Structures are given as structure tokens and as C-alpha cells.
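Student: Here is my input; please provide its structure:
(4 chains)
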4 protein chains.
Amino acid sequence: MRHPTDPGRYLMSRSRAPELVQPDDILEFTLDSQSVKPTDVRLYGERVIHGTIYQTRPDVNAVCHHHAPSILPFCISGTELKPVYHLGATLGEKVPFWDARDDFGDTTLIVATPEEGASLARALGANWIVLMRRHGATVAGRTLEELTFRTIYTARNAALQIQAHTLGHVSPLNAAETELAGEYNLRPGPVARAWEYWNVRLDKAEGTWRPKNANLRAKKKSPPKRKTKSRRRG
Amino acid sequence: MRHPTDPGRYLMSRSRAPELVQPDDILEFTLDSQSVKPTDVRLYGERVIHGTIYQTRPDVNAVCHHHAPSILPFCISGTELKPVYHLGATLGEKVPFWDARDDFGDTTLIVATPEEGASLARALGANWIVLMRRHGATVAGRTLEELTFRTIYTARNAALQIQAHTLGHVSPLNAAETELAGEYNLRPGPVARAWEYWNVRLDKAEGTWRPKNANLRAKKKSPPKRKTKSRRRG
Amino acid sequence: MRHPTDPGRYLMSRSRAPELVQPDDILEFTLDSQSVKPTDVRLYGERVIHGTIYQTRPDVNAVCHHHAPSILPFCISGTELKPVYHLGATLGEKVPFWDARDDFGDTTLIVATPEEGASLARALGANWIVLMRRHGATVAGRTLEELTFRTIYTARNAALQIQAHTLGHVSPLNAAETELAGEYNLRPGPVARAWEYWNVRLDKAEGTWRPKNANLRAKKKSPPKRKTKSRRRG
Amino acid sequence: MRHPTDPGRYLMSRSRAPELVQPDDILEFTLDSQSVKPTDVRLYGERVIHGTIYQTRPDVNAVCHHHAPSILPFCISGTELKPVYHLGATLGEKVPFWDARDDFGDTTLIVATPEEGASLARALGANWIVLMRRHGATVAGRTLEELTFRTIYTARNAALQIQAHTLGHVSPLNAAETELAGEYNLRPGPVARAWEYWNVRLDKAEGTWRPKNANLRAKKKSPPKRKTKSRRRG
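Tutor: Predicted structure coming up:
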């Protein structure tokens, strides 16, 4: 995510599987994706995806690049991803494709150079998601909560679109519904409800969640710790 | 669910992810979906779905509105949902569609006003399930147990129908089989067997379930607590 | 399963979700599916499926009736289930269909009367599995281990056949391969390997499994308890 | 895997479900798949798959034979498996088929004799994966880490290819992209990141993983134990 107080910097973990990231793994980068403090830990090769979008989109404060299994079939087949239910409206009216072949020919498919990052950011344009052919998706949000909501419900929307396609007919939201429902989903109420749920899921996955009775007993002793949330940062 | 002793009221949780709902979260509403006691907690925007059905269907005592992944492809594609195995017969002979576009044009797809609730209730009619285009399903039952049974087995029936469709041919129950099997499923035996199983699943998910040996030892000490069941209330 | 010492009787749990069955739930039945000891607990309505097959097939000592999600699409669509990989060969060369409509017209689809049981057993004939239209499957085995192997790998075979069908072409084992591979799978080696694995899975699901270190420490103290295996009995 | 210090030998577990394999279960074999020490434990019938590949491919140090559910539909349908996203590039440009019928006619489909092993190794040739019709896959790697990476991401690539096929069009990597991305994936960075993640997964599955706080506390006391990794050995 973009640094909360310095818009010219962003935060991102060192190269580590997201499930394992700890607070100490989060590093600070300039928008040209250089580590602010010298470091010898291994960094993600694709951090320019993040840096370039923060450069070109001042309204974006959180970015997530992922390879969710329901999204990839669209990246492989070139089928257009469309909002097919109200919660999917948050993906927006248009999801552009980006193909590394167009600007760079045969590559590793990894977005590693400033030029590749800039090309991808151009393809994203003013939209919120860009699908990368034979690779994955990059999602943007104004806040971390919005990004998380969009990333998760886009992946679900994609899975549902595949199943509806199997049944023979996909009838998506129209442009007006997409705008109206997309705005509704990101109101404080729906986002807060989802955010509380994701935090509990995370605690359960971490093994730090306890049954209600235990929680009640422990309530006074242990202060809330949310450090593990860092893994959700794009 | 409808209030057990006052049919002019219903019970529903505040706006909270179902998995997290606790007994204290359950509030009492009038049938026009106003909270009986003044409250400043956030309420579900779609509670009129429940209130309107309790108004128009005196035989209904429990309602569940959901977005199960196997149901949505029918809401997206417009393919008719049909009972395809004996346990799915509980969904009934006919599952009507409701499309917010028909009465209200372009909307957020959220059912939030009394007019929208009434329109949906009309579409449900005397049936037990209504599919909402590009949104989800609303299920009704005479009892909480019947509702739970219908909701779960309708979702499974939908998943099986998609897979059978993939194989090329869907051969559903006929009207007489649907009525006979639907009635059989809701007899005390099958419902009690399923209900016991769902309660254990819930205890396991809550972390309050213990291996049999531990249970036997603990049997005398801890009285059965079923408060967590509130989350299954529609 | 058939009673281990009295071939004129069989063992089956009272009407209870399989995951919850405890040793005390197992009852003894005559082959016409009457409880040997008078009982007032609720019994499975479909126990004639078991009794009739034990009557008509002296070589069968274990029966499983189930509704596995991968099998049902075949019961719904009428597509023929075929062995498509070596482990699926155990389902045998031919899997007949049975349709309650043929002999009994419109029913609850439940096999509850001796006549219905006899009709189903005729459809099974000398085969090992019979698919029941719009209902489920009934599987037979010479031993409990064989039955478990056949039931599990038939369900997996079915899932694979659906996926291969999606890819456009299903190329099954021929008759000779089915016989050779089917016989190989049921040799002591493959069955013992699978049986050990299923027992550990069961212990994990019961919460009675412990990490290896703990197991090593506990080895001398606690005698092996296999009572939970009762739930696998058909 | 090939013996780390004696290239004329390889290590493999006795016949046991992979999830249950313990360090003591690992045995040493000559390249013609005879146990170095006399043993009366049951051995895998298909160990010639491993021995023959170590004989014919000096560059291969780890082999995995498996029946992953996403791979089997290709073995059944004969559809060609292709790299469809960057992480799948590690499967290589070509994945040949082997059909036991071609050289041996009707068999158990088990690769048990030296002749069957040699036939399969010929089909593998200089590639990294061979699909066995109506049976499974055999994967090879220069190192254990490379093998694990290739096996897991090949299975995911297969699942994605099936879903993209459902959407109607599969657009794979071309030969140059496959080579470039395949090489990139196996660099130290991506492999180390994945390897750390798989080890944590294994610890969680074993019940030996603890929440971070507990880990921090225990850090000084317990030396790292990696013995369970043996189960990943091909």
C-alpha cells in the first residue's frame, strides 16, 4: 500500500509467501521501487507493478497483484471478465487486458523493468483491474479495505461467470447497475461487515483465534493485535 | 425467523457476517422492518426481504437470503433451477425468477425499500424459493429446521444440476415425485438426523466441539449450550 | 456390513449422520431388515437396500448406499459411468442404472419396501455398483476394505470422467484392462496402504490424532482404539 | 530422489501413503530397483518408474509419480497439456503421452517390470513430464526443489487449462516464452519463496506448526526439525 503519511513512498513485504509475512518483513520503497533503506534481503522482482501505478494514479493507495485460480482462465482464454452479480460490480464497467507480447515480444512474462511497469499501468488506465495475459491480475483501490473487497469479490465473480458460461448464457450487469451497485458495495456498512469477517478468518488461519468463551475470559488481558494484517497489504 | 410467540414481529441479527453473529446481536423487528427498541447499531439494508415475506405469507416462519456459489450461476444465466435428486425435491415444483429491472429499472440490485420487498414477495408467490437475477436467492420455510434443510439441499441440488448439464442432459424429478419426495424429506426422521449433524458442524467450526472421549468426561459438568445456533436463523 | 459370524444377520447404525455414529449406535438386523432386539430408536428407512442385497448376493459382505456429489450427475443425466483410470477399474466393467419409475411409477424415490429392495437388487445383478436415477449409488463388496476402496475410488473416477468429458473425449479402460487393474487394486498391498491412510484421516477428523512426537511418547500407554471405524460400515 | 552422494542409488519410501511416511520408512535402492539391504517390508510395485529414469537420465535427481485430479483428465481424454501461465512454463514445451497398450497390450496399467519402466523412460525422453494414459503422470527434476515446483505448478496449470477450455479458448505460452519463464521460475528467489511456504504447510498439516507468538517463545529451545520433508521425495 502507499505509505500512509508520505504519498511518495509505498510499503511492501520482502519476497516472501503472503501467508508467512510478518510485520518485520514490510519494507519502504520509493515510487521508482528502490528500497529506502539499503537491504540485502531478497525483494519481489515485480515491485515495479506497484510503484508505477502509485506514480501514475494518485487516487490509488493500495495495489494487489495475484494469480487467483478463478481469474486465470480469463487471462488464458481472453474471455472478457464482466460483473455478473451485485458484489462483483466493484470490478467496474471495463476490465482491460494487457499482453506482454504487444510491447515486448517474447519475455519471461514477469513485469520487472520500469518500461514493463509503465506499459501495464497504461493498460490499466483509469480502470480498477487489468488482466495480464497468461499471467494474472493487478487490482487497485483507493483504500486497503476497498482493494481487499474488490480483489476478493472479483475472484468470486470470475468463478460464477465461468459456471454461468457452463450453463450456456451470461447476462451481466449493465453500465448503470455496475456503477450503482459498485458504489453501494463500498459504503461503510458493507465494507465494515466484510472487514470484520476477514480479520476473524485471518486469526483462525494464524491459530490466534479462540472460541468465544475463551475470548471472553481473555478479553481484559491481551490487547488487540492486528500486526498480522500486513499480509493483506497489496 | 418470525418471533416464536409474537407473529407480528421477527428476529434478525444486526448487520454482521453470519459466522460471527452472537446471541446479543439478535434484534427484534416489526413486520415493516423497524427495530422494536431504538438502536444505533448498523442494521442490514435488506431486512425488508424478510419483513415483507412474513407480512404476505403467514405460513412462513423463517426466511434466508443468501448468495451461495452454486445458486448464482442460475441467477446469472437465467437457467431454470429444477429438483434433480430426491433431497432437492424440497425446493418445490417451481422456482420463479425476480428481476429488479422489471419494476425498478437500473438499481443497486439491493432490495431495500418496502416497494422492492413487496415486488420480490409477489414474485415468490406461494413458492418456497425465488431467484433474484444477478444477485442471489431468498428461501422460505414453515420452521427454522425446514428452512435450513431447504436452503442447504437447494444449494447442493444446484451444484449437481450444473454438473449434470456438463454431462449433456438434465433429467429432473416430475411434479408427482417432487411432491412425494419433498414431503418425505421434511418428516421428523430425516430432519432430526440432518439437524444433529449441522449442530456438530457448527460446534466444530466454533471450536467448541471436543473429541468423544473428552465429551464423555465433560458431560456432567457443562450444560448443553445452543446459543450459537442463532447464526442459522434466516 | 454382514455380521462377521452369522451370515443371516447384518450390522448397521441407527438413523444417524455417518460422521456422528458411535459403537453403541450399531444394531443387528435380520436379512429382512428387522431389528434383532426390540428397539425404540429411529431406524434408517432404506435399510432394505442392505438386507435385500445380503439375501440375494451371498458373496457380498458389505454394502454402502450414498449420494456422493461426483456420482449424482451420472444418476441425473443418465450418462454411463465407466472406469477411466486404473484405480477406477474396481468399479467393474458395467454399472447398471435403476429407475424407481420403471417398476413403481411416481414415488418418494426412497427404497423402503421389500419389493423396492428386491427390484434394486435385481438391477444390481452380479455387478458391484448400481446407480439409482435421481437418487444416488449403492455399492457392494466382498469385504469392508474392498467396499471402502470401491466406494471412494468410484467417486473419484466419476469426478475425473466429468472433467475429461469437459475436455471433449472420454477414453475408458477396455474390458481386459478393467479386469486386470480391478484385480490388482484389491491385492493386499494396495488395500493395506489405503486402509492405513483412511484410518489416520479418520483419527484426524475425530480429533484423536496427535503429531508424531506426541504419538511416539504415548505409544506405550494407550492401546490402539479402532471403535470409530464403525462409521465406515455400509 | 537419487542418493545425494551415490548416483548409482536412489531413496524411496516403503509402500506407504505419502502423508504417513516417516524417516524410518525411507529405503535405499540400486538403479535396477532392488533394495540395498534385505527387507521384508512391502515395497512399492512401481519403483521401476524411478529406477529406470535415474538410469537413463543422469541429469535427473528427483522423480515424482502421481495421480493428481487435475492431471488425470488429460490422461483420460488425450488432450495435450500445455503451459498456459508463467508458473506452468516449468512443465516444458512438450509433454509426451505414454500408453501401456502400445508396447504391452492389455495390462493392469501398473508399471512394474523393467521393460515397462524402460518403455516409459523412452516416452519421457529429454522432457520433464510424461502423461500415462488412464493412469497418471511422472515428473522429473534436477533437484528436489525443482521437482516439487514442477509437480505442483503443473497440476495447477492443468486445472487452469481445463477451466480456460470451458470458457472456449486456450491460448498457451509460445516456445520462447516457455523457455524464458520456465528458466525464471527455477531461479533461487522464486524457488526459495515457494519452498519456505511448502515447509510451513507441511508443519501445519503435521500439527507441528505453532502460532507466531508461540514460535517466538520456543525459538531458543527446539532445534529446527525437517525430517518430515522426506514425504516430498519422489
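Student: Quick check: which ranges of chain A have low pLDDT?
Tutor: Within chain A, the stretches with pLDDT under 70 are A:211-234.
Student: mind redoing it with 90?
Tutor: A:203-234 (pLDDT under 90).
Student: which residue does it bring closest to chain C?
Tutor: Closest to chain C within chain A is A:T166: 8.6 Å, counting by CB to the nearest CB. Heads up, the C-betas are built off the backbone N, CA and C, glycines and all.
Student: So that residue versus D:L160, what's the distance?
Tutor: Using CB to CB, to the nearest Å, A:T166 is found at 16 Å from D:L160.
Student: The helix or strand where A:A164 lies relative to helix D:144-167, how many degrees between them?
Tutor: Element membership for A:A164, per DSSP states H and E: helix A:144-167. Helix A:144-167 runs at 60 degrees relative to helix D:144-167, counting by axes from the mean of the first three to the mean of the last three CA atoms, to 10 degrees.
Student: what pairs with the residue most central in space within chain A across the strands?
Tutor: Per CA atoms, centre = their mean, the C-alpha nearest to the average position across chain A is that of A:C64, at 2.8 Å. Taking DSSP bridges as the rule, A:C64 bridges to A:V139.
Student: Contacts only, for A:N174.
Tutor: Applying CB atoms under 8 Å, 6 or more residues apart in numbering or on different chains to A:N174 gives the contacts B:D106.
Student: thinking again about what came up before, correct me, but the residue nearest to the centre of chain A touches A:T138?
Tutor: Yes - if you go by CB atoms under 8 Å, A:C64 and A:T138 touch, sitting 7.3 Å apart.
Student: Can you confirm whether the helix or strand hosting A:I49 lies near chain D?
Tutor: Secondary structure from DSSP H and E places A:I49 in helix A:47-56. No - interface with chain D: helix A:47-56 contributes nothing (CB under 8 Å from any CB of the partner chain), its closest point being 12.4 Å away.
Student: which secondary structure elements does that helix contact?
Tutor: If you count contacts as 3 or more CB pairs under 8 Å, 6 or more residues apart in numbering or on different chains; DSSP states H and E, helix A:47-56 packs onto strand A:9-13, strand A:26-30, strand A:62-66, helix A:114-124, strand A:136-141.
Student: Out of those, which one sits most buried?
Tutor: Across the helices and strands packed on helix A:47-56, averaging neighbours per residue (mean count of other CB atoms under 10 Å in any protein chain shown) puts strand A:136-141 on top, at a mean of 26.
Student: which secondary structure elements does that one contact?
Tutor: The helices and strands touching strand A:136-141, judged by 3+ CB pairs under 8 Å, 6+ apart, are helix A:47-56, strand A:62-66, helix A:72-77, helix A:114-124, strand A:129-132, helix A:144-167.
Student: how far off helix A:144-167 does the second one point, in degrees?
Tutor: Spelled out, it's strand A:62-66. Going by the same axes, to 10 degrees, strand A:62-66 makes 40 degrees with helix A:144-167.
Student: Enumerate every residue touching A:V60.
Tutor: A:V60 neighbours (CB under 8 Å, 6+ apart): A:R2, A:I53, A:Y54, A:A140, A:G141, A:R142.
Student: any idea how far A:A89 is from the second one?
Tutor: As judged by CB to CB, A:I53 and A:A89 stand 22 Å apart.
Student: With the fourth one instead?
Tutor: A:A140 sits 16 Å away from A:A89, taking CB to CB as the criterion.
Student: ok, now the last one?
Tutor: From A:R142 over to A:A89 the distance is 16 Å, taken as CB to CB.
Student: Between the two, which is the more surrounded one?
Tutor: Using other CB atoms under 10 Å in any protein chain shown as the criterion, A:R142 and A:A89 rank with A:A89 on top: 27 against 15.
Student: check contacts around A:L81.
Tutor: Applying CB under 8 Å, 6+ apart, we find A:L81 in contact with A:I71, A:F74, A:L91, A:V95, A:I129, A:L131, A:T154, A:N157, A:A158, A:Q161.
Student: from the chain's centre, how far out does stretch A:184-202 sit?
Tutor: 15 Å (CA atoms, centre = their mean, to the nearest Å).
Student: pull the CA atoms of the helix holding A:I49 into CSV?
Tutor: In CSV, the C-alpha atoms belonging to helix A:47-56 read as follows (Å, rounded to 0.1, in the frame of the first residue of the first chain):
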residue,chain,number,x,y,z
ARG,A,47,7.5,-4.5,-7.4
VAL,A,48,7.5,-2.1,-10.3
ILE,A,49,3.9,-3.1,-10.9
HIS,A,50,3.1,-1.4,-7.6
GLY,A,51,5.5,1.6,-8.0
THR,A,52,4.4,2.5,-11.4
ILE,A,53,0.7,2.5,-10.6
TYR,A,54,1.3,4.7,-7.5
GLN,A,55,3.2,7.1,-9.8
THR,A,56,0.5,7.3,-12.5
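Student: Would you tell me which residues of chain A are close to chain B?
Tutor: Going by CB under 8 Å from any CB, the residues of chain A near chain B are A:84-87, A:89, A:156, A:159-161, A:163-164, A:166-174, A:176-177, A:180-181, A:183-184, A:189, A:192-194, A:196-197, A:200, A:209-213.
Student: Filter the residues you listed down to the buried ones.
Tutor: A:84-87, A:89, A:156, A:159-161, A:163-164, A:166-167, A:170, A:172-173, A:177, A:180-181, A:184, A:193-194, A:209 (16 or more other CB atoms under 10 Å in any protein chain shown).
Student: among these, which are within reach of chain D?
Tutor: Among those, chain D is touched by A:T166 when using CB under 8 Å from any CB.
Student: For A:L20, list the residues it contacts.
Tutor: Neighbours of A:L20 in contact, by CB under 8 Å, 6+ apart: D:E196, D:Y197, D:V200.
Student: Phi and psi next, for it.
Tutor: Torsion angles at A:L20 (phi, psi; degrees, to the nearest 10) stand at phi -100, psi 0.
Student: Noted, bye for now.
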